[in-house]
Structure formats: C-alpha cells, structure tokens
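Q: Fold the stuff below for me.
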Amino acid sequence: MKQDLAALVRAGVLAHVPPDAPLVLGFSGGIDSMVLLHVLVRGLRMPPGRISAIHVNHQISPQAAAWAAFCRRSCREFGVRLKVVKVAVKRGNSTEAAARTARYRAFAESGAGTIVLAHNRDDQAETVLLQLLRGAGPRGLAAMPAFRGAAPDSPAVLRPLLDVPRSVIAAYAGRHRLRWIEDDSNGDRAFLRNFLRHEVLPLLETRLPGTGATLARAARLQAETSDLLDALAVADLGGAGPPNGLPLAPLKSLPPHRGRNVLRYFLRHHGLLMPDADHLGELLRQALAARDDARVCIRTGEAELRRFRGVLHVVRPLPAPDPDFALAWNGRGTLRLAVLGGFLRLERRPGAGMEGSLLRGARLEVRVRKGGETLRLAVGSRSRTVRNLLQEAALPPWMRDRLPFLYVDGELAAVAGIGVDVRFQAPAGRAGYWPLWLPD
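A: Numbers count the residues shown, from 1 in each chain. This next block holds a predicted model:
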C-alpha cells in the first residue's frame, strides 16, 4: 500500500490552517515525527520561516539528553528552528498520562498557533482499544481528532497522518533513508498501550484483516455521536453555548443520563479531567441535592466545582494571598497578578473610574484585602465596609479575597469589581480610568 504523504499533508494543512500561518511540529525524533518533518520541508517545500519544531524533554529516560541533541542536529540539517522544553513529569499510577499532560501543557505555553503532530492510524486504533477497556463513552472512543481548533488556553492541533498506517510511514522512511530515535520503552509490554500494539492488534489482524482501519472508522463514527450529544447538551441548556457557570435548575427536570451529558459537556469545555461514570453521577447528585445554603465544593482533578446561587462554577484553587502583599504599578498595560489568579488593567472611560489627573505623579499600589477597609461610592452617601459591599455585589465567596485593591499614595482608591471611592472619582467630562479585573 502506497500513499502520497505529501498530498495528504498538503490537504490537511490547506483545509485547517490559514495560508502562510506558521506551523510548529511536535518533534520527538521518532520515526513518525521524522517522516512528517521530511514531508513538510522536502515534500511540500515549506519556507523556513513558516515551520518550526518543539521537542519536549520529559526527563524520564536516561537517554533523554541524547534524544534532545539528536533532535537539534536533525532540525539543523533541515533548516528548521527547534525549541527544546524540559518538563517535570509527576510519577504515579500512569506515568504515560502524566507525560502526555506535561507535553500538551508545553505546547500550550509555547505560543504556537497550530501544533502539527504525527499520530498515525495504528496510534488511533490503539487509542480506541485503550478507551474501550477504560469504559469510555463516545467522546473517549472518538479518540484523537484529525483537527482540533484552538481554545483560549491551547493551540490548534493538526494530525495530517491520522489515516496513514504505520507500515506506510516506515516504508517512506526507508525509501528516503531517514534516521530516527528508537525509544526502547516502546517495546515494554508492561505498558498497556505497548501490550495492545505488540500482542493484541497483530493477533486481531491475523483473524480480522483490516482491524486497524475498522477501529479508526469506529472512532470517526463515535466523534459524530459525541457531536450530537454536545448539541443535545446545548439544547438542554436552552440553546446557550458552553457556559462559564452551569445553571443547575434546568438539570433538575432532565432524566439522569441527560443531566450527566450536560455535566460532561460543561467539564470538557473547561478542560477538566473527566471522572468515571460513578463519580460523575455522584458529582451531579451532590450539586442538585444539597440544601440551597450549603457550600458545595467537589474536587475534580486540579480544580474544584463550587455551587453559588444555583450555579456550578469551576474554581482553580490558589493559596491564600499574603495579607501584606503590595505591588507598585504604573497603571499601564495589563498587569498579571498570579497571586490573585487574574489580570488587571485600567480601562479609559470618560467620566467614570479614577480621575487621571490624580494618578499622575502619585504612588499607585495594588494590594489585597486585609479586612476592615471602607469605601464611599457616592457623594452624600456614608462610607461602607468593603465586606458589606462585596456581599451586596453577589460575588461568590471564593472571589472576594481575590479582588485587587488599588491604593493611591497610601489611600484606598478603588476595589476592582466594586467601585471607586468618591475622593478619586472622575467627574463628568473628565478622563477616567476604570479598574477592570479579569480572572483566569
């Protein structure tokens, strides 16, 4: 079987990537990514400025440094810029899953618009079997998409070789006399994927020729089913798209399986680890059955699900900020405040916010809530404690200690998300700067 890999890759790029948009190849140095590098550079003759590569060093194998050096040499030979990123992989029940998570986090932090990966049809078949053995539903059985669009926290991912058998890739590498890395751990049958690759799938192919192609086709059908379930979730939410917070009232009237489907849709939209069916059902039960005044907090992966006023929110836990935190700021651009989990900027608004003339030459500081602070938000009104203002603003409890407090020459001038003290407010017709808080 011979396929024109250059034509396949060209078609994938043209279908999903804007003309001349840069591509970043996820380059392990293995046979698949080496073949894809050769196709992109020599087969499609992409200009050097359009394609670059990223190699993620997981620091697991004793040969990791040698592999990174090989990738550097290979990319130099092809005239392609390479970025090597070292990651720390958490050891646990599944080192492979932890390595994958670290790898995709490195892709997300690389600034790439589109990551190109060299997964092939055999990889897809193995993934389908893995997901089936884990009891996955349609989304899991859909395995890897040929293209996944960009999200706020991750680049687009293109897999142009996903319909190509591993044998075709090996034949291409042989014809072009390519050299690549052989990871000896790929032969370790202790890993379930390797057991399926070397033991189960070859046995299935002897009895049922074309098993790999059949499993890949099943993945495409499951992807269609998953899309239909997403459409059903949107309909059950009243036609709204992926919500930032999940309103629970509509779920109370749904059959349990449709409620779980809406919850899966919500969790996936926020990039959360998907719990198994039993835990998902328990999560839904707790969210719906708890008293209205109960503070529901459910841990899922690295995030928490919290309920407030009938809405389920995703909260990324942060350590409590140091009450003595203070940061000098010139008020320009967007200020990243990792300690509070968000971004702060002063948005120019006529007649609203802090008066610009009061900021010029003043010492502007960002601090955090200590307790006992007061603001007077309108002429003729009395000062109010920030605590009472926060309660009236209906802010969820976990957000109340994460708001930036802006001080001008040591005086509290504003609390982002609450308002500006009258002493610092811009009068009508004058330039003002509104403190805008954007949580992660």
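Q: Please parse this structure into its domains.
A: According to automatic domain parsing, the chain is divided into the following domains: 5-219, 239-315, 326-439.
Q: With distance to Thr225, mean neighbour count and mean pLDDT as extra columns, can I get those in a markdown table?
A: For glycine as for every other residue, the C-beta is placed from the backbone atoms N, C-alpha and C. Formatted as a markdown table, these follow (distance: least, Cβ to Cβ, whole Å; neighbours: other Cβ atoms under 10 Å; pLDDT from 0 to 100):
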| stretch | distance to Thr225 | mean neighbour count | mean pLDDT |
| --- | --- | --- | --- |
| domain 5-219 | 4 | 17 | 90 |
| domain 239-315 | 11 | 15 | 82 |
| domain 326-439 | 34 | 16 | 89 |
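Q: and of the ones you listed, who's closest to Asp227?
A: Asp227 lies closest to domain 5-219 among the domains of the chain, at 8.8 Å (Cβ to Cβ).
Q: Now tell me what touches the host helix or strand of Ile115 from outside.
A: Element membership for Ile115, per DSSP states H and E: strand 114-116. Contacts with strand 114-116, where a contact means Cβ atoms under 8 Å, 6 or more residues apart in numbering, come from 16-17, 21-26, 36, 40, 54, 107, 150, 155-160.
Q: Same check on stretch 70-82?
A: 25, 27-29, 34, 37-38, 41-42, 48, 51-55, 84, 179, 181.
Q: Starting from the strand holding Ile115, tell me which strands it pairs with and how they run.
A: Its sheet considered, strand 114-116 pairs with strand 23-26 (parallel), strand 156-158 (parallel) by DSSP bridges.
Q: Enumerate every residue touching the closest residue to Leu254 other than its chain neighbours.
A: Excluding the flanking residues, the one nearest Leu254 by Cβ to Cβ, 6 or more residues apart in numbering is Asp236, at 5.9 Å. Neighbouring residues of Asp236 by Cβ under 8 Å, 6+ apart: Pro250, Leu251, Leu254, Arg258, Asn261, Val262.
Q: Can you pick out the most distant pair from the residues you listed?
A: Comparing the members of these, the greatest separation, given Cβ to Cβ, is between Pro250 and Asn261, at 12.2 Å.
Q: Isn't Ser154 up against Arg103?
A: No: taking Cβ atoms under 8 Å as the definition, Ser154 is not a contact partner of Arg103, at 11.9 Å.
Q: thinking again about what came up before, out of the contacts of Asp236, which one sits closest to Ala378?
A: For the contacts of Asp236, the closest approach to Ala378 (Cβ to Cβ) belongs to Pro250, at 37.7 Å.
Q: Look up how far Arg336 lies from Ala98.
A: Distance from Ala98 to Arg336, counting by Cβ to Cβ, to the nearest Å: 27 Å.
Q: Asn120 now?
A: Asn120 is 39 Å from Arg336, by Cβ to Cβ.
Q: any idea which helix or strand comes after the helix of greatest length in the chain?
A: Ranked by residue count and defined by DSSP state H, the top helix of the chain is helix 211-236. As assigned by DSSP H and E, the chain's next helix or strand after helix 211-236 is strand 245-247.
Q: Leu254: what secondary structure?
A: Secondary structure state of Leu254, per DSSP: H, G, I helix; E, B strand; the rest coil, is coil.
Q: How about the contacts made by Trp434?
A: For Trp434, the contacting residues are Leu346, Glu347, Arg348, Arg349, Ala352, Gly353, Met354, Val420, by Cβ under 8 Å, 6+ apart.
Q: State whether the fifth one is indeed within a strand.
A: No: secondary structure of Ala352 (three-state DSSP): coil, not part of a strand.
Q: Helices of the stretch 51-200 of the chain, start to end?
A: Assigned by DSSP state H, counting those that start in this stretch, the stretch 51-200 of the chain shows helices spanning 64-78, 95-109, 121-133, 138-141, 166-175, 192-195.
Q: who touches the third one?
A: Contacts to helix 121-133, defined as Cβ under 8 Å, 6+ apart, come from residues 32, 140-141, 143-144, 162-166, 192-193, 196-197, 200-201, 211-213, 215-216, 218-219.
Q: For that helix, what is the distance to the chain centroid?
A: Chain-centre distance of helix 121-133: 23 Å, with Cα atoms, centre = their mean, to the nearest Å.
Q: and the angle for that helix with helix 166-175?
A: Here helix 121-133 runs at an angle of 150 degrees relative to helix 166-175 (axes from the mean of the first three to the mean of the last three Cα atoms, to 10 degrees).
Q: would you put the C-alpha positions of helix 121-133 in PDB?
A: Provided in PDB are the C-alpha atoms of helix 121-133 (Å, rounded to 0.1, in the frame of the first residue of the first chain):
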ATOM      1  CA  ARG A 121      -3.800   5.200  12.100                       C
ATOM      2  CA  ASP A 122      -2.200   2.500  14.200                       C
ATOM      3  CA  ASP A 123      -2.000   5.000  17.100                       C
ATOM      4  CA  GLN A 124      -5.600   5.800  16.600                       C
ATOM      5  CA  ALA A 125      -6.600   2.100  16.700                       C
ATOM      6  CA  GLU A 126      -4.600   1.600  19.900                       C
ATOM      7  CA  THR A 127      -6.300   4.600  21.500                       C
ATOM      8  CA  VAL A 128      -9.700   3.300  20.700                       C
ATOM      9  CA  LEU A 129      -9.000   0.000  22.300                       C
ATOM     10  CA  LEU A 130      -7.500   1.700  25.400                       C
ATOM     11  CA  GLN A 131     -10.500   3.900  25.800                       C
ATOM     12  CA  LEU A 132     -12.900   0.900  25.300                       C
ATOM     13  CA  LEU A 133     -11.000  -1.000  28.000                       C
END
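Q: Now the residue most central in space within the chain. Nearest residue, chain neighbours left out?
A: Closest to where the C-alpha atoms of the chain average out (Cα atoms, centre = their mean) is Asp153, at 4.3 Å. In space, and not counting its chain neighbours, Asp153 is closest to Ala108: 5.9 Å by Cβ to Cβ, 6+ apart.
Q: So that neighbour is in contact with Val157, correct?
A: No: using Cβ under 8 Å as the test, Ala108 is too far from Val157 to be in contact (10.3 Å).
Q: For Ala235, give me its contacts.
A: No contacts exist for Ala235 under Cβ under 8 Å, 6+ apart.
Q: try Val85
A: Taking Cβ under 8 Å, 6+ apart, we find Val85 in contact with Ile54, His55, Val56, Asn57, Ala106, Glu109, Ser110.
Q: now those residues in a markdown table, with distance to Glu205?
A: Converted to a markdown table, these look like this (distance: Cβ to Cβ, whole Å):
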| residue | distance to Glu205 |
| --- | --- |
| Ile54 | 34 |
| His55 | 32 |
| Val56 | 31 |
| Asn57 | 34 |
| Ala106 | 34 |
| Glu109 | 39 |
| Ser110 | 37 |
